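A.B. asks: structure for this input, please:
(chains A and B)
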Amino acid sequence: MFTNLALFVLSLLVGFEVISKIPSTLHTPMMSGANAIHGVVVAGAIVIAALADDPAGYVLTFIAAAFAAANVVGGYVVTDRMLKMFRKPDRPAADAPKAGQK
Amino acid sequence: MTALEWVTGLAYLIASTMFVVGLHLMRSPASARRGNLLSAAGMVLAIVATFVYAAVTFGGNWIGWTALAVGLALGGAFGAISARQVKMTDIPQLVSMFNAVGGGAAAAVAFADFVHRIAESAATGAGEGHIELTVSIPIVLDVLIGAITLSGSVIAAGKLQGIIPGKPIVFPGSRILNVLMALIAVAAGVLTIVLPPSALTLSVLLVAALAIGVLMVLPIGGADAPVVVSLLNAFTGLAVAMAGFVIDNQAMIIAGALVGAAGTILTLQMATAMNRSVLSIIIGGFGTGDTVAPAGGPGADAAGVRQISADDVGIQLAYARHVMIVPGYGLAAAQAQHEIAELAKILTDQGIDVKYAIHPVAGRMPGHMNVLLAEANVPYTQMLQLEEANPAFDTCDVALVVGANDVTNPAARRPGNAVSGMPILDVDHAKSIVVVKRSMSPGYAGLDNELFSNTKTGMLFADAKGGLADIITSVKEYVAN
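C.D. replies: Next comes the predicted model:
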């Protein structure tokens, strides 16, 4: 228990440290990228799927899995879509991907 | 510690490192995409490790695994499709929806674990099965935070999308209802912890928390909704970390805490940039939503300002050396980012130095304007943050303000008014200023902008898209000669 609490507090501190150095230019993709990271709740859905042995357990597993998967997949995809639009000036514009296409 | 536990722990350690390094790489646009991909790879590792660990340790049955597989497939498909199709102007709503499902998933995990523990203690005949405080407290916090995030984020997304009116919604007795729900939630939470575990008290907590989420976000103005989205992002992170405590999963604790920190920092930065305190935003009733300027010409206040034509602006720009573009939400609302990028390109091709001065809260959320400009093929090297942009205004020949208002108001440097102390762009330091705006209507702060009556300022009354198109036509004439 204490190990987990220590992990929690230290991770908060690491988070503050890393995030405060990110330029405002990238705040939207950063927020979306952090949003994808909390999709790690998929791991929780897997654990409750393994423990489920009654209807309530199955329904909650389904809900948790569907919600978590939407979060993690959508989060990473949309962040990647945003970040690949950020281009340097010397590359010809034709190289840059058009929005809405992947 | 078994070999499997050892390997799982190691995989979580590697995955967590990849999350941190991935976020770290987001310091620069050049490495940011790699950072996100690294973080995604860490996610795959954490998920695979959890799957192997859970399958070997608990076994499970086919119904549980099927429910998981079907849920993952449906949710994953929904996430991927919405992420690919969303318009860049609608990113804040999508982020809010992902917060909603993330918080909901975390609450579902805690609820399932709780129900499982009750069933287990009943089966072993322990009767008054007691759950240790180190588990019951995180369960209660997870359901509380997760459910508030779920309902609150859906309302916030609805406000941003315009499905729910952006203006603060306050009805008679809403404050009392709020307090009542909070009391019910606290009571249900405490009872869940002290009484023999029962799904009833936890269900009451769930319902009360969902109601709190709705009541908390309804009175918040549309203009403040992005701050709330950021705050709810932090909430989701904390809910996921709590779920990690419940099922003793270190990857969830670490990742949840990282996101909790990220959301908190961003919320505070946004509030500072908007000159608001987080508390006053939560209490609500300020932002009147997306104020649409009344159609038609300039208002009565236009007397003290100098009006200019698109042609005047064209001449100024064509003969300038340094041009600074100041884009605001009005630009995004008019979908004029492609016009501004086209204008900038014409000028750049003439050897004119063009930069964008981007206020932290330009657009719908921090950094949103940068994404919209990137979509219009503007190189990120032309985008200046507030601290880089302000010194550059001193040597700037023409500052072109499109759709920005309060963030350029020099009144912020003086105490005693609605924008006092707000970080602003020093547009008034430029040699000449052009403001493209539909009318003289004030911004969110409800204050007249002193920049508009500055003697160096020329006002072009037009909507962003049409006004820029006229300027482009005019500039093309001058540069062609």
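A.B. asks: if I pick the closest residue to chain A within the stretch 151-300 of chain B, what's in contact with it?
C.D. replies: Going by CB to the nearest CB, chain A is nearest to B:A261 of the stretch 151-300 of chain B, at 2.7 Å. C-beta coordinates here come from the backbone N, C-alpha and C atoms, glycine included. Counting by CB atoms under 8 Å, 6 or more residues apart in numbering or on different chains, B:A261 touches A:11-16, A:19, B:234, B:237.
A.B. asks: one more time with 6 Å
C.D. replies: B:A261 is in contact with A:12, A:15-16, counting by CB atoms under 6 Å, 6 or more residues apart in numbering or on different chains.
A.B. asks: any chance of the residues you listed in TSV, plus secondary structure and distance to chain B?
C.D. replies: TSV is the format used below for those (DSSP: H, G, I helix; E, B strand; the rest coil; distance: CB to the nearest CB, whole Å):
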residue	secondary structure	distance to chain B
A:L12	helix	5
A:G15	helix	3
A:F16	helix	5
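A.B. asks: roughly how far apart are the residue of the stretch 151-300 of chain B closest to chain A and A:A36?
C.D. replies: 16 Å (CB to CB, to the nearest Å).
A.B. asks: before we move on, the earlier item: assumed the residue of the stretch 151-300 of chain B closest to chain A was part of a helix.
C.D. replies: Yes. Membership of B:A261 in a helix is supported by DSSP: H, G, I helix; E, B strand; the rest coil.
A.B. asks: give me the nearest residue to it, chain neighbours excluded.
C.D. replies: Spatial nearest neighbour of B:A261, excluding adjacent residues (CB to CB, 6 or more residues apart in numbering or on different chains): A:G15 at 2.7 Å.
A.B. asks: figure out the helix or strand that B:A110 lives in.
C.D. replies: Using DSSP states H and E, B:A110 sits within helix B:91-123.
A.B. asks: poorly predicted segments of the chain, please.
C.D. replies: Here I'm looking at chain A. By pLDDT under 70, the weakly predicted segments of chain A are A:1, A:90-102.
A.B. asks: not what I meant, chain B
C.D. replies: B:125-129, B:283-303, B:444-445, B:481.
A.B. asks: now do the strands in it.
C.D. replies: B:306-307, B:322-327, B:353-358, B:383-385, B:398-402, B:432-437, B:457-461 (DSSP state E).
A.B. asks: buried residues, the last one. List them.
C.D. replies: Think strand B:457-461. Buried positions in strand B:457-461, judged by neighbour count with 16 or more other CB atoms under 10 Å in any protein chain shown: B:457-461.
A.B. asks: of those residues, which is the nearest to chain A?
C.D. replies: Chain A has its nearest neighbour among the buried residues of strand B:457-461 in B:T457, at 26.0 Å by CB to the nearest CB.
A.B. asks: geometrically speaking, which residue is the centre of chain A?
C.D. replies: For chain A, the residue nearest the mean C-alpha position is A:A36 (1.0 Å; CA atoms, centre = their mean).
A.B. asks: how many neighbours does the nearest residue to it once chain neighbours are set aside have?
C.D. replies: Nearest non-adjacent residue to A:A36, counting by CB to CB, 6+ apart: A:G75, 2.8 Å away. When counting by other CB atoms under 10 Å in any protein chain shown, one arrives at 30 neighbours for A:G75.
A.B. asks: quick check: which element contains A:G75?
C.D. replies: helix A:55-83.
A.B. asks: what comes up buried for that helix?
C.D. replies: A:56-58, A:60-83.
A.B. asks: show me chain B divided up by domain.
C.D. replies: B:93-283, B:305-480 (automatic domain parsing).
A.B. asks: tell me where the stretch 251-400 of chain B has helices.
C.D. replies: B:278-283, B:310-318, B:329-333, B:337-349, B:368-375, B:386-393 (DSSP state H, counting those that start in this stretch).
A.B. asks: would a markdown table of those with distance to chain A and mean neighbour count be doable?
C.D. replies: A markdown table is the format used below for the helices of the stretch 251-400 of chain B (distance: least, CB to the nearest CB, whole Å; neighbours: other CB atoms under 10 Å in any protein chain shown):
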| stretch | distance to chain A | mean neighbour count |
| --- | --- | --- |
| helix B:278-283 | 16 | 15 |
| helix B:310-318 | 20 | 20 |
| helix B:329-333 | 12 | 22 |
| helix B:337-349 | 8 | 20 |
| helix B:368-375 | 4 | 28 |
| helix B:386-393 | 7 | 17 |
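A.B. asks: reformat the ones you listed as JSON lines; add distance to B:A123.
C.D. replies: What follows is these, written out as JSON lines (distance: least, CB to CB, whole Å):
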{"stretch": "helix B:278-283", "distance to B:A123": "44"}
{"stretch": "helix B:310-318", "distance to B:A123": "78"}
{"stretch": "helix B:329-333", "distance to B:A123": "57"}
{"stretch": "helix B:337-349", "distance to B:A123": "61"}
{"stretch": "helix B:368-375", "distance to B:A123": "52"}
{"stretch": "helix B:386-393", "distance to B:A123": "61"}
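A.B. asks: if we can go back for a sec, deepest of the strands of chain B, which one?
C.D. replies: Highest mean neighbour count of the strands of chain B: strand B:398-402, a mean of 28 (counted as mean count of other CB atoms under 10 Å in any protein chain shown).
A.B. asks: show me what it is packed up against.
C.D. replies: Contacts defined by 3 or more CB pairs under 6 Å, 6 or more residues apart in numbering or on different chains; DSSP states H and E place strand B:398-402 against strand B:322-327, strand B:432-437.
A.B. asks: tell me, how many residues neighbour A:V9?
C.D. replies: Look at A:V9: counted by other CB under 10 Å, it has 11 neighbours.
A.B. asks: from chain B, how far off is it?
C.D. replies: Using CB to the nearest CB, to the nearest Å, A:V9 is found at 8 Å from chain B.
A.B. asks: list the contacts of the closest residue in space to that residue that isn't next to it in sequence.
C.D. replies: In space, and not counting its chain neighbours, A:V9 is closest to B:A257: 7.7 Å by CB to CB, 6+ apart. Taking CB under 6 Å, 6+ apart as the contact definition, B:A257 lies against A:8, A:11-12, B:241.
A.B. asks: can you do 7 Å?
C.D. replies: A:8, A:11-12, A:15, B:237, B:241 (CB atoms under 7 Å, 6 or more residues apart in numbering or on different chains).
A.B. asks: so which of these is the closest to B:A119?
C.D. replies: B:A241 (25.5 Å; CB to CB).
A.B. asks: tell me how many other residues crowd the closest one.
C.D. replies: Other residues close to B:A241 by other CB under 10 Å number 32.
A.B. asks: show me the contacts for the closest residue in space to it that isn't next to it in sequence.
C.D. replies: Excluding its sequence neighbours, the residue lying closest to B:A241 (CB to CB, 6+ apart) is B:G256, at 2.9 Å. With contact set as CB under 7 Å, 6+ apart, B:G256 has these partners: A:38, B:237-238, B:240-241, B:244.
A.B. asks: now for B:F58: which residues touch it?
C.D. replies: B:F58 touches A:50-51, counting by CB under 7 Å, 6+ apart.
A.B. asks: quick revisit: I'd say the residue nearest to B:A261 and B:I254 touch.
C.D. replies: No. Using CB atoms under 7 Å as the test, A:G15 is too far from B:I254 to be in contact (9.3 Å).
A.B. asks: wait, isn't B:A412 in contact with B:V427?
C.D. replies: No. Contact criterion CB under 7 Å: B:A412 and B:V427 do not qualify, at 11.4 Å.
A.B. asks: roughly how far does B:A411 sit from chain A?
C.D. replies: B:A411 is 23 Å from chain A, by CB to the nearest CB.
A.B. asks: now swap in B:V7 and tell me
C.D. replies: 15 Å.
A.B. asks: what's the nearest residue to that residue if we skip its chain neighbours?
C.D. replies: That would be B:A49: by CB to CB, 6+ apart, it lies 7.5 Å from B:V7.
A.B. asks: could you double-check that the one you found sits in contact with B:A11?
C.D. replies: Yes. Using CB under 7 Å, B:A49 makes contact with B:A11 at a distance of 3.5 Å.
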